[in-house]
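> could you look at this predicted model? Sequence included:
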Amino acid sequence: PRSLRIGLIPGDGIGREVIPAGRRVLEAVSTSFNLKFSFVDLPAGYETFQQTGVALPDRTVETLQKECDGALFGAVSSPTKKVAGYSSPIVALRKKLDLYANIRPVKTTFSSKNPIDLVIVRENTEDLYVKEERTFSAPDGSGKIAEAIKRISERASHRIATMAGTIALQRQQLRESGIQSIHTKPTVTITHKSNVLSQTDGLFRETSRTALSQPQFSSITIDEQIVDSMVYKLFRQPSTYDVIVAPNLYGDILSDGAAALVGSLGLVPSANVGDGFAIGEPCHGSAPDIMGKGIANPIATIRSVGVMLEFLGEAKAAGRIYEAVDGNLEEGRLLTPDVGGSAGTEEVVEDILKRL
Ligand code: NAD
Ligand code: MN
């Protein structure tokens with residue numbers, strides 16, 4: 001069997017309730033897919049910060065770099081007020097491991113009235129998030145002016161669009177192997193605002209088109225859309241979209257907006273991906289309001305396990321996990337309260353494990 005070592009970073013709050021579910025799902029699919037998982041628990045988060053003074057210990061980063069093939073990250077709490085020395089560990093991890101893409105699949109059940117099966121591929125290293133801002137006084141004395149750099153590079157745009165193309169092909173392969181979907185052929189939609197930002201978004205658009213014109217992507221339909229009209233269409237006709245590729249800021253906004261369409265944060269997975277490493281991460285936070293009650297929805301995490309596995313080259317195992325989750329949701333008998341049920345985390349996990 002193929003050996004894979006997975007770092008488990010539960011973090012704070014319900015992160016600690018859902019990450020163990022992720023581990024059990026990996027163990028459950030291992031034999032059928034000839035995989036052998038080993039796990040290492042790694043600290044990070046606000047409680048780690050309070051205990052040790054650092055939110056992301058060096059040992060966590062080193063262990064991921066030296067020993068692990070992938071990781072699962074739960075959620076971390078952030079202090080409501082700024083605390084000296086605290087900064088988000090997941091943001092730091094993305095930088096340190098060069099996880100340049102944020103992948104967010106958003107999917108409803110098939111019987112849904114307005115079905116959705118899309119994935120947002122968000123560039124994660126540049127755009128306005130280079131945080132190069134400055135404030136100065138207006139020369140005419142009318143007050144302050146603040147400005148920020150929006151940086152788009154050909155290199156980052158090319159690699160994110162290439163990743164979007166690869167994901168589109170992979171989704172198509174899963175469909176051809178029998179995974180149910182509302183789509184029949186692969187499409188990548190390029191998001192931009194190049195009618196206004198002709199140089200920055202213009203470069204993103206042109207480079208994405210070039211990347212998606214590579215011969216291996218010849219079966220993909222390349223589409224493009226101006227970001228504001230995309231928001232409209234995403235809310236009116238979400239079933240239109242298969243793979244969406246976007247620069248950092250638009251991708252951030254579209255990702256949360258799309259997540260709102262499926263009803264609960266507890267359903268939406270994500271992954272932070274670079275070349276050769278992937279961290280699966282549920283989209284939700286540490287949910288202090290429900291922590292310790294045993295009712296956190298484990299599905300976002302279980303789906304994140306699938307996304308991580310896809311990037312570790314185990315798409316078939318990922319497909320099995322997605323089907324088990326869909327089965328649980330379609331049947332609708334064992335659901336957590338956030339999606340209208342009365343089951344606990346444990347019962348949902350057991351039901352999904354049975355379907356694997
Ligand atoms: P949240 O995602 O933790 O919770 C929002 C709402 O959704 C809550 O009512 C919560 O109960 C519910 N919810 C979230 N996940 C759920 C699940 N799996 N099952 C059932 N219900 C679920 O967002 P918040 O309340 O704004 O933030 C709480 C803390 O989490 C804050 O400290 C925030 O900074 C942090 N946070 C962390 C991340 C992350 O680690 N990636 C993301 C968002 C927020
Ligand atoms: Mn966001």
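Structure received. Ligands and ions are numbered 1, 2, ... in the order given.

> so whatever residue of the stretch 201-350 of the chain ends up closest to ligand 1, which of the three states?
Scanning the stretch 201-350 of the chain for proximity to ligand 1 using CB to the nearest ligand atom identifies Gly285 as nearest, at 2.4 Å. Yep, even glycine has a C-beta here, placed from its N, CA and C like the rest. Using DSSP: H, G, I helix; E, B strand; the rest coil, the secondary structure recorded for Gly285 is coil.

> might you report the residue contacts of the spatially closest residue to it that is not a sequence neighbour?
Counting by CB to CB, 6 or more residues apart in numbering, Gly285 lies nearest to Ala75, which is 4.9 Å off, once chain neighbours are set aside. In this structure, Ala75 makes contact with Gly11, Asp12, Gly13, Ile14, Gly15, Glu281, Pro282, His284, Gly285, Ser286, Ala287, judged by CB atoms under 8 Å, 6 or more residues apart in numbering.

> how far is stretch 9-19 from where the chain is centred?
Distance of stretch 9-19 from its chain centroid, counting by CA atoms, centre = their mean, to the nearest Å, is 16 Å.

> what comes up buried for stretch 266-285?
Along stretch 266-285, these residues count as buried under the neighbour rule (16 or more other CB atoms under 10 Å): 266-274, 277-285.

> what does stretch 52-71 give?
By 16+ other CB under 10 Å, the buried positions in stretch 52-71 come out as Val54, Ala55, Leu56, Pro57, Thr60, Val61, Thr63, Leu64, Cys68, Asp69, Gly70, Ala71.

> same check, this time on stretch 157-173
Judged by neighbour count using 16+ other CB under 10 Å, the buried positions of stretch 157-173 are 157-165, 167-172.

> which strand or helix spans Asn141?
If you look again at residue 141, you'll see it is Gly, not Asn. When secondary structure is defined by DSSP states H and E, Gly141 falls outside every helix and strand.

> show the pLDDT at it.
According to the predicted model, the pLDDT of Gly141 comes to 97.

> give me the neighbour count for it.
For Gly141, the neighbour count with other CB atoms under 10 Å is 6.

> and if you look at Ser87?
With neighbours defined by other CB under 10 Å, the count for Ser87 comes to 12.

> phi, psi for it please.
Reported as degrees, to the nearest 10, the phi and psi values for Ser87 are phi -140, psi 160.

> that one contacts Ala55, correct?
Yes: using CB atoms under 8 Å, Ser87 makes contact with Ala55 at a distance of 6.5 Å.

> what residues does stretch 103-111 touch?
114-122, 167, 180, 182, 255, 258-259, 261-263, 268-273, 283, 303, 307, 311, 326, 329-330.

> contacting residues for Glu323?
If a contact means CB under 8 Å, 6+ apart, then Glu323 has Ile179, Gln180, Arg355 as its contacts.

> where strands are concerned, which of the residues you listed count?
When DSSP state E is applied, the contacts of Glu323 are split such that none fall in strands.

> for those, pick the one with the most neighbours.
Neighbour counts for the contacts of Glu323 peak at Ile179, which has 18 neighbours (criterion: other CB under 10 Å).

> going through the contacts of stretch 103-111, which ones are buried?
For the contacts of stretch 103-111, a burial check counting by 16+ other CB under 10 Å picks out 116-122, 167, 182, 255, 258-259, 261-262, 268-273, 283, 303, 307, 311, 326, 329.

> so which helix or strand takes in the nearest residue in space to Asp41 that is not next to it in sequence?
In space, Asp41 comes closest to Leu8 once its chain neighbours are excluded; the distance is 5.2 Å by CB to CB, 6+ apart. Secondary structure from DSSP H and E places Leu8 in strand 2-11.

> after that strand, heading C-terminal, what element do we hit next?
Toward the C-terminus, strand 2-11 is succeeded by helix 15-30 as the next helix or strand (DSSP H and E).

> partner strands of the next helix or strand along the chain from that next one, with direction?
Going down the chain from helix 15-30, the next helix or strand is strand 35-41, by DSSP H and E. Take DSSP bridges as the rule and strand 35-41 pairs in its sheet with strand 2-11 (parallel).

> now the strand it pairs with: buried residues?
Taking 16+ other CB under 10 Å as the basis for neighbour counts, the residues of strand 2-11 that come out buried are Leu4, Arg5, Ile6, Gly7, Leu8, Ile9, Pro10, Gly11.

> please report how far the third one lies from ligand 1.
Computed as CB to the nearest ligand atom, to the nearest Å, the Ile6 to ligand 1 distance reads 18 Å.

> go ahead and confirm that residue touches Phe73.
No: counting by CB under 8 Å, Phe73 is not a contact partner of Ile6; they are 11.1 Å apart.

> alpha carbons of the top helix by length along the chain, as CSV, please.
Taking DSSP state H as the assignment, the helix of the chain that covers the most residues is helix 154-176. This file holds the C-alpha atoms of helix 154-176, laid out as CSV (Å, rounded to 0.1, in the frame of the first residue of the first chain):
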residue,chain,number,x,y,z
GLU,A,154,1.9,36.5,-14.9
ARG,A,155,3.5,33.7,-12.9
ALA,A,156,0.8,33.5,-10.2
SER,A,157,-2.0,33.9,-12.7
HIS,A,158,-0.6,31.2,-14.9
ARG,A,159,-0.2,28.6,-12.1
ILE,A,160,-3.7,29.3,-10.6
ALA,A,161,-5.4,28.9,-14.0
THR,A,162,-3.4,25.8,-14.7
MET,A,163,-4.6,24.4,-11.4
ALA,A,164,-8.2,25.3,-12.3
GLY,A,165,-7.8,23.4,-15.6
THR,A,166,-6.4,20.4,-13.8
ILE,A,167,-9.3,20.4,-11.4
ALA,A,168,-11.8,20.7,-14.2
LEU,A,169,-10.3,17.6,-15.9
GLN,A,170,-10.2,15.7,-12.6
ARG,A,171,-13.9,16.5,-11.9
GLN,A,172,-14.7,15.3,-15.4
GLN,A,173,-12.8,12.0,-14.7
LEU,A,174,-14.8,11.5,-11.5
ARG,A,175,-18.0,12.1,-13.5
GLU,A,176,-16.9,9.6,-16.1
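
> much appreciated, bye for now.
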